[in-house]
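Peer 1: just need the structure, nothing else, for what follows:
(one chain, ligands or ions: 1)
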Amino acid sequence: MIAADRLQKFSDGGIGLRRGELGLSPYNLRWKRLFSDEAHFIFDELRVESLRLYHVGSTSVQGLAAKPIIDMLGSVPSLEILDRTKSSLESVGYEYKGEYGVKGRRYCVLYNPEKTTACVHLHFFQHGDPEVERHLLFRDDLRKLPAAREEYLRVKRHLIEDMKVSREKYSDAKSEIIAKIQNEAFHNRSPKKILAVLGAAEGHGGTLKFLQDTYASDSLEVVDLNKDAIRPFCYGNNAADGFQKIIVKALEADLVVLATPVYWYAMSGAMKDFMDRFSNLMSGEHKSLGESLYGKKVHLLSTGYDLRLPMGFEVPFSSTAIYFGMDYMGATYRSVR
Ligand SMILES: Cc1cc2nc3c(=O)[nH]c(=O)nc-3n(C[C@H](O)[C@H](O)[C@H](O)COP(=O)(O)O)c2cc1C
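Peer 2: Modelled structure (predicted):
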């Protein structure tokens, strides 16, 4: 069952729609935090290795009025693994509805204890399912293109206020406008700007080589943490080195790649120092930089001697991404054996 304080947070943020009802609420900045908190909660509850959670749907598009339900997209290594977590999800208030009309999906809804009001729609797919890419692309198009946002809102209002479509028919009724926006946006999607943050010991270069092979693209910029000398976190003022500049660069990039070798079953020390510095973005003068990371795509790239990444290697990256509302896109690994 959903705990009262968790439910209260949703209702304080204007989230919750009675069953069968349909209406739009003005965009609320609290929706970002509600997503991150709930995603963290699920992450902790399920403990599924390589789970990825993304904020999608209209509540994830700043400025867009939305049906007041947080839409979350989950990506898992396999649906069988997820099915085994059914009772964990149910114990924290989710109704596990199975495919529910969409092949290859697991659909879960978070209701209040009386089951009269829905707060979260959670859609799981397997890693690599094109549905994941499709949802993220559409959300990114809406975030980037004000004209698409306005048109989408106009159609949603028309369907709800003039056509009075039912809640069941609403999703299908939107499919035409979604396809139109996606077709138009396809031609406007600019080439990717990639920023890689490399944390490896000097002298060997295996991780840099893999990075360059993976992103053989002119738009790849590499920040080498050895050269930029990022200081370890301290509880005083960390402002005087290049950390902030790297974050500003990250905000300008379409994709941030965190590149680290496996050193003793974990990320390198240089990368850990860099990650610790995210604490400087949680409060104080750089809090707004931290908030701006919301929605940024992050990819992990690694090399090691062993055939696979060690257990749990991805967790600090995926959890940090969720904390800041970033999209964790998974890991690419090369064994140098
Ligand atoms: C200090 C150190 C610790 C390492 N620990 C591991 C390890 O735990 N697991 C593994 O698979 N490889 C380990 N390796 C091998 C490196 O991950 C591998 O050689 C990697 O490609 C090095 O990348 P680099 O050239 O960018 O430093 C270690 C190497 C070093 C130098």
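
Peer 1: alpha carbons only for contacts and neighbour counts from here, please
Peer 2: Will do.

Peer 1: and the residue of the stretch 51-200 of the chain closest to the ligand?
Peer 2: Nearest residue of the stretch 51-200 of the chain to the ligand: residue 200, at 4.9 Å (C-alpha to the nearest ligand atom).

Peer 1: what helix or strand is that residue on?
Peer 2: For residue 200, there is no helix or strand it lies in under DSSP states H and E.

Peer 1: same thing with residue 328?
Peer 2: strand 327-335.

Peer 1: ok, residues contacting that strand?
Peer 2: Applying C-alpha atoms under 8 Å, 6 or more residues apart in numbering, the contact partners of strand 327-335 are 50, 52-54, 210, 295-309, 314, 317-318, 321-322.

Peer 1: strand partners of that strand, parallel vs antiparallel please.
Peer 2: strand 297-304 (parallel) (DSSP bridges).

Peer 1: now the partner strand, how far from the centre of its chain.
Peer 2: Offset of strand 297-304 from its chain centre (C-alpha atoms, centre = their mean, to the nearest Å): 15 Å.

Peer 1: what mean pLDDT does it get?
Peer 2: Summarised as a single mean, pLDDT over strand 297-304 is 97.

Peer 1: show the buried residues in the contacts of strand 327-335.
Peer 2: Among the contacts of strand 327-335, those scoring as buried are 50, 52-54, 210, 295-304, 309, 314, 317-318, 321-322 (criterion: 16 or more other C-alpha atoms under 10 Å).

Peer 1: contacts with the ligand among those residues, please.
Peer 2: When C-alpha under 6 Å from any ligand atom is applied, the members of these adjacent to the ligand are 303-304.

Peer 1: related to what we said a few turns ago, give the buried residues for the strand holding residue 328.
Peer 2: Buried-residue list, strand 327-335, by 16+ other C-alpha under 10 Å: 327-331, 333-334.

Peer 1: domains in the chain, as residue ranges please.
Peer 2: The chain breaks down into these domains under automatic domain parsing: 4-186, 194-335.

Peer 1: and after the longest helix anywhere in the chain, which helix or strand comes next?
Peer 2: For the chain, the helix that runs over the most residues, judged by DSSP state H, is helix 30-46. Moving toward the C-terminus from helix 30-46, the next helix or strand (DSSP H and E) is strand 52-56.

Peer 1: strand partners of that following strand, parallel vs antiparallel please.
Peer 2: strand 70-76 (antiparallel).

Peer 1: ok, then the element right after the strand it pairs with?
Peer 2: By DSSP H and E, the next helix or strand past strand 70-76 is helix 79-83.

Peer 1: how far off centre is the helix or strand just after that following helix?
Peer 2: Downstream of helix 79-83, the first helix or strand assigned by DSSP H and E is helix 86-91. On the basis of C-alpha atoms, centre = their mean, helix 86-91 sits 22 Å off its chain's mean C-alpha point.

Peer 1: circling back to that earlier point, ok, and what's touching the longest helix of the chain?
Peer 2: Counting by C-alpha under 8 Å, 6+ apart, 9-10, 13, 51, 53, 55, 59-60, 70, 72, 85, 88-89, 294, 319, 322-325 sit against helix 30-46.

Peer 1: now stretch 126-141: mean pLDDT?
Peer 2: Per-residue scores along stretch 126-141 average to 94.

Peer 1: er, stretch 219-238 I mean
Peer 2: pLDDT averaged over stretch 219-238 gives 87.
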